[in-house]
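Asker: here is my input; please provide its structure:
(one chain, ligands or ions: 1)
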Amino acid sequence: MTDLLHVDQLTAGYGAIQVLHGINLSLASGGRLALIGRNGVGKTTLLKAIMGLADVKAGHIRLDGQDITRWSTRQRAQAGIGYVPQTRDIFPSLTVEENLVAGLKGRPRSALDEAYALFPRLAERRHNGGQQLSGGEQQMLSVARTLLGKPTLLLLDEPLEGLAPIICIELMRAFEHLARDTGVAVLLVEQKVDDALRFAPSAMVLERGEVVHESESAALGQRKDLLERYVGVAGAH
Ligand SMILES: Nc1ncnc2c1ncn2[C@@H]1O[C@H](COP(=O)(O)OP(=O)(O)OP(=O)(O)O)[C@@H](O)[C@H]1O
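Answerer: Numbering: from 1, shown residues only. Below you'll find the predicted structure:
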């Protein structure tokens with residue numbers, strides 16, 4: 001079976017700065033993979049490289065068997081990659097509904113119901129401005145907008161960052177539903193290691209731009225030594 005995403009010997013960074021060194025990664029259709037590691041090890045850069053937002057120096061990125069390494073970000077989005085950046089990419093001056101409409105890209109307005117079904121909070125706040133939303137609601141809006149593009153691969157960059165525990169639970173539940181009901185594959189970068197390992201059956205640890213560990217999440221959750229060394233937490237998985 002062909003992997004949905006296949007990253008092969010990827011070396012990438014920004015201009016002359018090399019951040020990732022020879023990364024290999026595979027994700028099947030409908031699969032879930034957690035990408036963890038300390039700040040600055042290159043997790044965001046890996047997502048950006050997959051989305052066409054970092055400079056690839058060597059190696060290949062394949063989506064559904066097609067080599068997309070030199071494709072534009074727009075082409076990758078059209079091919080089915082959805083990227084939710086760490087910065088919560090919403091228009092603060094537009095309402096929730098206007099933000100969602102901006103993500104429709106030709107799909108019928110009825111598609112908004114999918115977003116509201118996944119995040120009922122957004123339905124309640126549909127006429128509120130983006131800047132009036134809480135951090136959690138902004139994150140939901142950012143995710144919902146990306147999902148309107150019907151991605152087959154979703155790249156999530158620290159979606160739980162700075163959110164209250166109760167909102168984290170709500171978001172993780174929504175991601176579970178989403179993955180189960182739509183079959184979208186998810187590559188999740190997350191500092192909240194327990195949540196990441198619970199969500200994804202497989203995990204990869206990055207350190208200084210290299211993969212230093214790869215295993216089932218349950219097995220990694222037992223390796224307190226590795227979690228302490230590479231993530232700085234003992235983990236309670
Ligand atoms: N636009 C950029 N130009 C140059 N260097 C960058 C740029 N963005 C990130 N870097 C550098 O690349 C390295 C990896 O950063 P990256 O954001 O990928 O790490 P990360 O693991 O996602 O960390 P964090 O959890 O802090 O986001 C860091 O040393 C960072 O300073």
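Asker: residues contacting residue 187?
Answerer: Residue 187 sits next to 5, 27, 33, 35, 47, 50, 153, 154, 155, 156 when contact means CB atoms under 8 Å, 6 or more residues apart in numbering. Every residue, glycine included, has its C-beta placed from N, CA and C.
Asker: please redo it, this time with the cut-off set to 7 Å
Answerer: 27, 33, 35, 47, 155 (CB atoms under 7 Å, 6 or more residues apart in numbering).
Asker: among these, which are in helices?
Answerer: Members of those lying in helices (criterion: DSSP state H): residue 47.
Asker: turn the contacts of residue 187 into TSV, including distance to residue 18 and neighbour count.
Answerer: Listed next are the contacts of residue 187 as TSV, based on distance: CB to CB, whole Å; neighbours: other CB atoms under 10 Å:
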residue	distance to residue 18	neighbour count
27	24	20
33	23	23
35	19	25
47	17	24
155	21	24
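Asker: what about the contacts of residue 187, which are in strands?
Answerer: Counted as lying in strands by DSSP state E, out of the contacts of residue 187, are 27, 33, 35, 155.
Asker: so which of the residues you listed is the closest to residue 62?
Answerer: residue 27 (10.9 Å; CB to CB).
Asker: and the closest one, what pLDDT?
Answerer: Residue 27 carries a pLDDT value of 97.
Asker: residue 211 contacts residue 23, correct?
Answerer: Yes: counting by CB atoms under 7 Å, residue 23 is a contact partner of residue 211 at 6.0 Å.
Asker: so which of these two has more stuff around it?
Answerer: Using other CB atoms under 10 Å as the criterion, residue 211 and residue 23 rank with residue 23 on top: 22 against 19.
Asker: doesn't the more buried one belong to a helix?
Answerer: No: applying DSSP: H, G, I helix; E, B strand; the rest coil, one finds residue 23 to be strand, outside a helix.
Asker: does it touch residue 46 like I think?
Answerer: Yes: Residue 23 lies in contact with residue 46 (CB under 7 Å); the separation is 6.3 Å.
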